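Undergrad: here's a sequence, model it:
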Amino acid sequence: MPNTTASDNIHNLPIRQDVCFANAEGVFDERVQAQQLKLLAKIAPFLKRFLERDERILMASTARMPMVVGELFFGSYYSHLMRHSVLVFTDRRILQILTRMNYAPKNSISQIRYGDLESFDTGNFFQRNLKLKYKNGKEERFQGNAPGILNKIKKVLPSYLTNFQPTEFKQRHNLCPRCAAPLAKGKYVCPKCRLAFKNPGETVKYALIFPGGGFFYTRQLFTGIYYGLIEAVMICLLVIGINETIQGKTSLGGFFGAGIFLIFFKLIHIYQARRYIVEYIPAEKDFTPTTMG
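TA: The predicted model follows:
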């Protein structure tokens, strides 16, 4: 039977224990219960602020945020680390919480209303990930799912997809981490509580001016250091090349290659930092939530 004494660690979250602590066959499993409680305990205080009245948690899974083609080809190891998140499946929607590597929340949350979900696919033997297709025709793929969770999603989720009407968004959309209001795409101020978010324009400015600046602006310290060191080295090589060309020690090709590589690397820097910023990172690191669980 489920161990209900563990509720202190998850702040009394409203959990459908018959689903959350069961395996894909619907049978209670102590190992599944331990995995779910461990993951939910990391996000419980943050998650509870966004749950609606009488909403129940079905299961949770680790996941990596969707990556587009450019990131898959040009993304660094650190860009993959930036995309850790937790998916929480409830009886109404899927909540995606952006997290650190240890799955501690980062004050960024989005939702996928079941009414906005056209279909889903859990992959095959060779490619196991969660692919979601939305009512507006767009698709997103979530990788890095918790072991065994995809089979469970395949069994549990279909019964919830026919009970809800689509929203105006018809796709995954972010919520304000302070007041839980839905955020309009491309608008970096909450329409309800006026909380400001970091924006793409400032991201590009800092990326162009400072080595690693776009990532430091988005509070991605390690990624910023990684990119910053590489860009600093390339800038030094470029300056040396220009100086030697002026002195006649080398031809224009001495700094032309370094300049092209620096521009190319800056473009990747800007592209990845902008992709991260659209997950709505609050401009204020600390703020008082108006939604309390």
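
Undergrad: drop to CA atoms for contacts and neighbour counts, all remaining ones
TA: Noted.

Undergrad: what sits against residue 138?
TA: By Cα atoms under 8 Å, 6 or more residues apart in numbering, residue 138 lies in contact with residue 171.

Undergrad: any idea how far residue 51 is from it?
TA: Separation of residue 138 from residue 51 (Cα to Cα, to the nearest Å): 26 Å.

Undergrad: ok, now residue 162?
TA: 21 Å.

Undergrad: next: residue 97.
TA: Here residue 97 is placed at a distance of 13 Å from residue 51 (Cα to Cα).

Undergrad: re the thing from before, quick one: which of residue 162 and residue 51 has more around it?
TA: residue 51 (19 against 11; other Cα atoms under 10 Å).

Undergrad: please enumerate the helices of the protein.
TA: 17-20, 30-48, 69-74, 77-81, 149-156, 200-209, 213-217, 221-246, 253-277 (DSSP state H).

Undergrad: quick one: mean pLDDT for stretch 246-262?
TA: Mean pLDDT, computed over stretch 246-262, is 72.

Undergrad: what about it, how long is it end to end?
TA: Start to finish, the residues bounding stretch 246-262 are 20 Å apart (Cα to Cα).

Undergrad: how many residues are close by the spatially closest residue to residue 175 that is not a sequence neighbour?
TA: Residue nearest to residue 175 in three dimensions, not counting chain neighbours: residue 182, with 4.5 Å by Cα to Cα, 6 or more residues apart in numbering. Residue 182 sits with 17 neighbouring residues when counted by other Cα under 10 Å.

Undergrad: one more: the one 10 residues further on?
TA: For residue 192, the count of nearby residues is 13 (other Cα under 10 Å).

Undergrad: return the residues in contact with the residue nearest to it when sequence neighbours are not counted.
TA: Residue nearest to residue 192 in three dimensions, not counting chain neighbours: residue 181, with 6.6 Å by Cα to Cα, 6+ apart. Contacts for residue 181 (Cα under 8 Å, 6+ apart) come out as 175, 190-192.

Undergrad: and the residues you listed, which is closest to residue 211?
TA: residue 190 (30.2 Å; Cα to Cα).

Undergrad: thinking that closest one is in contact with residue 178, fair?
TA: No - with contacts counted by Cα atoms under 8 Å, residue 190 stays clear of residue 178, the gap being 9.0 Å.

Undergrad: related to what we said a few turns ago, now mean neighbour count too, for the helices of the chain, in TSV please.
TA: Listed next are the helices of the chain as TSV, based on neighbours: other Cα atoms under 10 Å:
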stretch	mean neighbour count
helix 17-20	19
helix 30-48	18
helix 69-74	12
helix 77-81	15
helix 149-156	17
helix 200-209	17
helix 213-217	26
helix 221-246	17
helix 253-277	18
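
Undergrad: mind putting these into TSV with distance to residue 121?
TA: Output for those, formatted as TSV (distance: least, Cα to Cα, whole Å):
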stretch	distance to residue 121
helix 17-20	20
helix 30-48	22
helix 69-74	19
helix 77-81	22
helix 149-156	8
helix 200-209	32
helix 213-217	33
helix 221-246	32
helix 253-277	24
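
Undergrad: right, and the ones you listed - which one's nearest residue 116?
TA: Using Cα to Cα, the helices of the chain put helix 149-156 closest to residue 116, at 17.0 Å.

Undergrad: which outside residues touch that closest one?
TA: Applying Cα under 8 Å, 6+ apart, the external contacts of helix 149-156 come out as 23-25, 61, 121-122, 128-130.

Undergrad: which one (most neighbours) among these?
TA: That'd be residue 61 among those, by other Cα under 10 Å, with 22 neighbours.

Undergrad: quick one: contacts for the closest residue to residue 136 other than its chain neighbours?
TA: Nearest residue to residue 136, sequence neighbours excluded (Cα to Cα, 6+ apart): residue 170, at 5.5 Å. Contacts for residue 170 (Cα under 8 Å, 6+ apart) come out as 115-117, 134-136.

Undergrad: confidence score at residue 170?
TA: pLDDT at residue 170 comes out at 96.

Undergrad: circling back: lowest average pLDDT across the helices of the chain?
TA: Mean pLDDT, when computed for each of the helices of the chain, is lowest for helix 69-74, at a mean of 48.

Undergrad: roughly how far does residue 149 sit from residue 98?
TA: As for residue 149, its distance to residue 98 is 19 Å (criterion: Cα to Cα).

Undergrad: er, residue 25 I mean
TA: Going from residue 25 to residue 98 by Cα to Cα gives 29 Å.

Undergrad: next, count neighbours for residue 185.
TA: 12.

Undergrad: contacts only, for it.
TA: Contacts for residue 185 (Cα under 8 Å, 6+ apart) come out as residue 173.
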